[in-house]
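# sequence unavailable; structure follows:
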């Protein structure tokens, strides 16, 4: 009997994933990852208002007990703090806008948890992500593919998975939609069948990134100048970490017309303000790239690409330009392409790969 370790967040998706694997004949063990030290946990998390709340451990344990398999808690706090929280704060301090869910998948769920599973003799790990893993006999490569429920598809945050990780990963929800998942949970009498999905970054549940960074790093970015595209000073900003590309609200500056954050320059400590039209660009450079469907990219390739989780894929051409960097040229200009975010490439339903926007 094959053995699978299922990461259980306490939510309905991972619970149903574990249940389906159990019904399929796998030997299942559920694990919940403890990712925070006490000083990192906010009142919102203690009250169960976001994922990784203290109550989530009890929900996951309750589901495991009802379904008849073992449940453990793994302490990955140091790993999470180093590779997710610190990376998040450092990126903002460098003027970038990171995606911590991608880093959590890259360094914690599909690296640290997989290695722990293998140490304990498990064949696979599994999660409640909405995506598909398939093996391509022709190329001999594992493929990451978009889920049946396009509204829930999570391939964007899974693009960093390696061939080794994909070979040992099961994603049971890839062919289900969310309504089916909740119905299965309710039929099985799972305690979390109606539990709402978490929407926030787990360690910044109130959405105040700047406050988290100040608290986590014990430092703050100094005030600086708002400037226009010609370098003319428009006013004073409250520190670069308080702003993201495309931001319109909360700028604290009145120009008599809508104004948007176009650029952030950490060296000059300036935030460039412009019109919405100034947010659009037709190309980007990305590094820290991971190819999935291909071993390497020679020449150029027609793809669709997305630069934000919620964005619809856009027609583009990708080319390798050397030094680990790739250029993505879009057919049409794209709005608010942001340094530090991910660009993920698709060939139909198949994830070609992805990288970090420079």
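Ah, there it is. What you see is a predicted model; the values in this text were computed from it and never measured.
# what about residue 317, how many residues close to it?
Counted with other Cβ atoms under 10 Å, residues neighbouring residue 317 total 15. Just so you know, the C-beta spots here come from the backbone N, C-alpha and C atoms, and that holds for glycine as well.
# and the one 4 residues further on, by the same measure?
Taking other Cβ under 10 Å as the criterion, the count of residues near residue 321 is 10.
# which pLDDT value belongs to the nearest residue to residue 97 once chain neighbours are set aside?
Leaving out its chain neighbours, the residue that sits closest to residue 97 by Cβ to Cβ, 6 or more residues apart in numbering is residue 340, at 4.5 Å. pLDDT for residue 340: 96.
# and residue 340, what element?
Counting by DSSP states H and E, no helix or strand carries residue 340.
# contacting residues around it?
Residue 340 sits next to 91, 96, 97, 98, 99, 356, 357 when contact means Cβ atoms under 8 Å, 6 or more residues apart in numbering.
# if you set the cut-off to 10 Å instead, what comes out?
Listed by Cβ atoms under 10 Å, 6 or more residues apart in numbering, the contact set of residue 340 reads 88, 91-92, 94-99, 244-245, 356-358.
# what is the nearest of those residues to residue 5?
Ranked by distance to residue 5 (Cβ to Cβ), those are led by residue 99 at 25.0 Å.
# next, count neighbours for the closest one.
So residue 99, with other Cβ under 10 Å, has 20 neighbours.
# I figured it was touching residue 92, is that so?
No. Applying Cβ atoms under 10 Å, one finds residue 99 not in contact with residue 92, separated by 11.9 Å.
# report the buried residues of the longest helix seen in the chain.
If you go by DSSP state H, the chain has its longest helix at helix 54-67. By neighbour count on 16 or more other Cβ atoms under 10 Å, the buried set for helix 54-67 is 56, 57, 59, 60, 61, 62, 63, 64, 67.
# and which of those residues is nearest residue 7?
Closest to residue 7, out of all of these and judged by Cβ to Cβ, is residue 60, at 9.4 Å.
# next up, the contacts around the closest one.
Counting by Cβ under 10 Å, 6+ apart, residue 60 has contacts 6-11, 14-15, 18, 30-32, 71-73, 191-192.
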